[in-house]
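Would you be able to build a 3D model of this:
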Amino acid sequence: MHSIRRHTALLLILAALGLSLACAPAPPQALRLPLQELDSLLPRPGQGGCLLRPGYQAQRAADYLARYFDCWTRPTPRHSLAELWSLAQPVVEKPGLGINLRPRPETWYQTLWQEAGGPAYPSADWKGLTLGPCHLRVLPTAEPDFSTGPGGGFPFDRLQQTSLPGGLPVRVWHVSPRGDWLVAETPLALGWLPAGAVARVGPEQARRWMKGPFLAVTRDQTPVRALGGGFVFDASLGCLLPLDGRQGSLWPVLAPLGVVRGEAVLGRCTLPLSSAAPFPLPFTPANLLALARPLLGEPYDWGGQWGYRDCSALTRDLLAPFGLWLPRNSADQARAGAEAVSLDGLDDNEKQELILKRGLPWLSLLYLPGHVMLYLGAPGGEPRVLQSLWGFKTRGPAGEGRRLVGRVVVSDLTPGAELPDLARPEGLLLHRLSAMALLAPPQALCPKSD
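Predicted structure coming up:
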């Protein structure tokens, strides 16, 4: 009898399981992507194994450092009070959701601005260094703010300006009345920083830091350690630190260790030999591969909130060790480099033909509003790009949505074209492309080998 009951119960469970599986929605169609590797997409080196002429690359590296230290060398603020306020204006005009996903009161944003003394900007003037990785904010708060609807919500914190690496030069132009928040001009953007994230540097410290030569970090999560082995901070790809002595079993660098009596304490630290190289790194296929390969599959990370990258941070950080300056914002990147090529007014076939004709592999950016990608070349006549991609716009019976990708991928210019619910034509990246930025003129390329 007990055996019959057990078999009956088992049959009922299996029947229920089968019914639930039959009623479950079908899994989404798999996204079709090319093989996720970069070796076959590397450009052929020219004479001497290079891709860019060393003289041209040296010029670009000098320009990079001039831009990098501009916030320290300029006599007055680059940005006006109106520009500082304009960072917050979009969220003030359209309040979002707080950490409890409840609508924020309209007064919340204005109160932050007023209590931090925003209208008094600029009220200070001193040079500083970030003490470690930190977040530059649109308003003086660490709380996130999310919009609603498709394309909103996590991870798109509207108050996140960008993440900053440790050891970054900043210029403080305002201190809040409580002393807990600073308005800082940085090489990447303007915004608010927690006061504890920055150490003030004196004139002699600033001169020593700017003198160089510099070491470029070539791998994420590279530990910067004091001479006794103590951990100081994690350096990320693209971070620059001054060399401080001769290379031995470790790279010796200068780094901020802390603050004493309001001033930065700078000291000798070390980096692993395999995680950094003298700046600028030669622009060769082997070096491109060594830097780009570890980024494949990394999570998409709006504003670098969790130590990864969004689309424009990917392109910027990947090219930074080579001395190729890119702004932080994707729209600004579309105007960077040697030449901006408009794709407006062209149909999709004409855009692709122009990219094939004029695009320089690994030295061209493809831009559409809100997104940027690195052009890798066109094996078999099919363009390939490297991008940190959040997802695609979809449209179905329930309305507009998003098909999540959420990572760094190699793709063609029409990823998701096989999906039946892809919003057409605006869901196709190729259709929305509006510009191509050539990061070097053709004459800067190394002559081809015979």
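
what's stretch 390-408 in contact with?
28, 31, 150-151, 295-300, 302, 309-310, 314, 386-389, 415-416, 419, 421-423, 426-427 (CB atoms under 8 Å, 6 or more residues apart in numbering). C-beta coordinates here come from the backbone N, C-alpha and C atoms, glycine included.

hmm, try it at 7 Å
The contact list for stretch 390-408 (CB atoms under 7 Å, 6 or more residues apart in numbering) reads 31, 150-151, 295-300, 314, 388-389, 416, 419, 421-423, 426-427.

How about stretch 355-364?
In contact with stretch 355-364 (CB under 7 Å, 6+ apart) are residues 43, 288, 341, 366, 374-378, 381, 383, 436-440.

residue contacts, residue 147?
Here residue 147 is in contact with 96, 156, 158 (CB under 7 Å, 6+ apart).

try 6 Å this time
By CB atoms under 6 Å, 6 or more residues apart in numbering, the contact set of residue 147 is residue 96.

for residue 210, same thing?
Residue 210 touches residue 69, counting by CB under 6 Å, 6+ apart.

if we go to 10 Å?
65, 68, 69, 72, 73, 127, 169, 242 (CB atoms under 10 Å, 6 or more residues apart in numbering).

Pull the contacting residues for the first one.
Read it as residue 65. Counting by CB under 10 Å, 6+ apart, residue 65 touches 187, 210, 212, 214, 240, 279, 280, 323, 325.

among these, which are in helices?
residue 210 (DSSP state H).

Report the buried members of the contacts of residue 65.
187, 210, 214, 240, 279, 280, 323, 325 (16 or more other CB atoms under 10 Å).

Pick out the lowest-pLDDT one from the contacts of residue 65.
The lowest pLDDT within the contacts of residue 65 belongs to residue 212, with 94.

What ranges does the stretch 301-450 of the chain have for its strands?
Here the stretch 301-450 of the chain has its strands, by DSSP state E, counting those that start in this stretch, at 339-342, 364-368, 371-377, 384-396, 399-411, 435-438.

Dump those strands into a markdown table; add mean neighbour count and mean pLDDT as well.
Listed next are the strands of the stretch 301-450 of the chain as a markdown table, based on neighbours: other CB atoms under 10 Å; pLDDT from 0 to 100:
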| stretch | mean neighbour count | mean pLDDT |
| --- | --- | --- |
| strand 339-342 | 14 | 96 |
| strand 364-368 | 24 | 98 |
| strand 371-377 | 23 | 98 |
| strand 384-396 | 20 | 94 |
| strand 399-411 | 17 | 92 |
| strand 435-438 | 21 | 98 |
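
So, low pLDDT: which residues of the protein?
Residues of the chain meeting the criterion pLDDT under 70: 1-28, 450.

what about the helices in it?
Secondary structure of the chain by DSSP H: the helices cover 2-23, 54-68, 70-73, 81-93, 107-115, 203-211, 285-292, 311-319, 330-333, 348-358, 429-432.

so how far is residue 404 from the residue sitting nearest the centre point of the chain?
Centroid check for the chain by CA atoms, centre = their mean gives residue 313 as the closest residue, at 1.5 Å. According to CB to CB, to the nearest Å, residue 313 stands 19 Å off from residue 404.

Please apply the same query to residue 439.
Distance from residue 439 to residue 404, by CB to CB: 30 Å.

what does residue 205 give?
46 Å.

can you check residue 385 too?
19 Å.

just the strands in the stretch 51-200 of the chain please.
Using DSSP E, counting those that start in this stretch, strands in the stretch 51-200 of the chain cover 126-130, 134-137, 160-164, 169-175, 181-185, 190-194, 198-200.

So which bits of the first one are buried?
Neighbour counts using 16+ other CB under 10 Å place 127, 128, 129, 130 of strand 126-130 among the buried residues.

list the contacts for the second one?
Put plainly, it is residue 128. Contacts of residue 128 by CB under 10 Å, 6+ apart are 71-72, 168-172, 182, 184, 186, 193, 197-201, 206, 256, 259, 264.

Generate a ChimeraX selection restricted to the buried subset of these.
Filtering the contacts of residue 128 down to the buried ones (16+ other CB under 10 Å) takes a single ChimeraX command:
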select :71,72,168,169,170,171,172,182,184,186,193,197,198,199,201,206,256,264
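
export the strands of the stretch 51-200 of the chain to a markdown table and tack on distance to residue 218?
Below are these laid out as a markdown table (distance: least, CB to CB, whole Å):
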| stretch | distance to residue 218 |
| --- | --- |
| strand 126-130 | 20 |
| strand 134-137 | 22 |
| strand 160-164 | 18 |
| strand 169-175 | 20 |
| strand 181-185 | 26 |
| strand 190-194 | 26 |
| strand 198-200 | 25 |
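
closest one to residue 221 among these?
strand 160-164 (13.4 Å; CB to CB).

That closest one to helix 81-93, inter-axis angle?
120 degrees (axes from the mean of the first three to the mean of the last three CA atoms, to 10 degrees).

just use 285 as the starting number from now, easier for me
Sure, I'll start numbering at 285, so the last one becomes strand 444-448.

Parallel or antiparallel, which strands does strand 444-448 pair with?
strand 418-421 (antiparallel) (DSSP bridges).

From the chain's centroid, how far away is the partner strand?
13 Å (CA atoms, centre = their mean, to the nearest Å).
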